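Engineer: have a look at this prediction, sequence included:
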Amino acid sequence: MTVFLLGVGILLFLFVLYIPFPYLFSKWKRRALRKKARGKIALTFDDGPCPGMTYKILDLLDAFGVKATFFILGRRLEGREKILEEVLRRGHEVGGHGFGHIHYWKVLPWKATADIEHCSKLLHTIAGKGPRPFRPPYGKLNLWSLAYLLKKKQPLVWWTVDSGDTWTPKPPATRVGDLLLREGGGVVLLHDLDRKNPKDEEWTLECIQQTLSRIKKERPEWKIGTISELGLP
Ligand SMILES: [Zn+2]
């Protein structure tokens, strides 16, 4: 009985460490990010590269003279290496987002670290050796993946404003600008995903356009750039 209870106790302890600890860590990092991002704006794009939207977003960013950070999903990179080269050629920053977009709370430790490493290796061959910033898929890490990323010195980047570009229905395209002005800056989560419905793509482009025009007009002194150049990791 004592051995059984001890076993249950150890399992419970490991479970508490496995998910709640990284969750609290991410909450603390997000709060810190909110403070660090005052007077700054970083647009971040997850889940690409995609042959349609990534190029459309690159052209729009060029039109505003703005650099952004792209968190690359490894499984979308295969056969699309040229898109990533173009992202880099235009002066943007590239980070990792795992290979298979796995929810790290739901998998065993080695599955999560293998997913991170798989993406990193693909990025190394095109973008050169890291360490480079990492955006956890779904914003979630387990203890093992957190320790792995800290050991590899990969800066962990969450976000302070979710654009809502993957929501149904979509919020008003002006909402991101409202939130950034209210919070005094921030890191915006967007996606450079090709969509089935062209209206979803139009919404994302409209949101970027509205946000950048408004901030440039109302807060010209704010810095807009990549995660690393703004010192936000
Ligand atoms: Zn994602």
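Structural biologist: Alright, I've got the coordinates. Residues are numbered from 1 along each chain as shown.
Engineer: next, the buried residues of the helix of greatest length in the chain.
Structural biologist: The longest helix of the chain (DSSP state H) is helix 198-218. Of all the residues in helix 198-218, those buried under the rule 16 or more other C-beta atoms under 10 Å are 200-201, 203-208, 210-212, 214-215. (Each C-beta comes from the backbone N, C-alpha and C, glycine too.)
Engineer: contacts for the helix or strand encompassing V188?
Structural biologist: According to DSSP states H and E, V188 maps onto strand 186-191. Here strand 186-191 makes contact (C-beta atoms under 8 Å, 6 or more residues apart in numbering) with 33-34, 37, 40-48, 53, 157-163, 165-166, 176, 179-180, 204, 207-208, 211, 227, 232.
Engineer: what does stretch 9-18 give?
Structural biologist: For stretch 9-18, the surrounding residues in contact (C-beta under 8 Å, 6+ apart) are 142-144.
Engineer: let's see it at 10 Å
Structural biologist: 104-105, 109, 142-144, 146 (C-beta atoms under 10 Å, 6 or more residues apart in numbering).
Engineer: middle-most residue in this structure, spatially?
Structural biologist: Geometric centre of the chain, nearest residue: R135, 4.1 Å, by C-alpha atoms, centre = their mean.
Engineer: is that one in contact with T69, as I believe?
Structural biologist: Yes. If you go by C-beta atoms under 10 Å, R135 and T69 touch, sitting 8.5 Å apart.
Engineer: name the residues contacting each of those two.
Structural biologist: Joint contacts of R135 and T69 (C-beta under 10 Å, 6+ apart) are 44-46, 95, 157, 187, 227.
Engineer: who wins for neighbours among those?
Structural biologist: Of all the shared contacts of R135 and T69, F45 has the most neighbours under the rule other C-beta atoms under 10 Å, reaching 31 neighbours.
Engineer: paired strands for the strand or helix carrying that one, with orientation please.
Structural biologist: Under the criterion of DSSP H and E, F45 resides in strand 40-46. Here strand 40-46 is paired, per DSSP bridges, with strand 69-72 (parallel), strand 186-191 (parallel), strand 223-224 (parallel).
Engineer: is it possible to get a markdown table of these that adds mean pLDDT and distance to G91?
Structural biologist: As requested, the strands paired with strand 40-46 are arranged in a markdown table below (pLDDT from 0 to 100; distance: least, C-beta to C-beta, whole Å):
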| stretch | mean pLDDT | distance to G91 |
| --- | --- | --- |
| strand 69-72 | 98 | 11 |
| strand 186-191 | 98 | 18 |
| strand 223-224 | 98 | 13 |
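Engineer: residues of the helix or strand of the chain with the lowest mean pLDDT that come out buried?
Structural biologist: When the helices and strands of the chain are compared on mean pLDDT, DSSP states H and E, helix 2-18 comes out lowest with a mean of 77. Of all the residues in helix 2-18, those buried under the rule 16+ other C-beta under 10 Å are Y18.
Engineer: distance between it and the chain's centre?
Structural biologist: In this view, helix 2-18 has its centroid 33 Å away from the chain centroid, taken as C-alpha atoms, centre = their mean, to the nearest Å.
Engineer: now do stretch 149-163
Structural biologist: Counting by C-alpha atoms, centre = their mean, stretch 149-163 comes out at 7 Å from the chain centroid.
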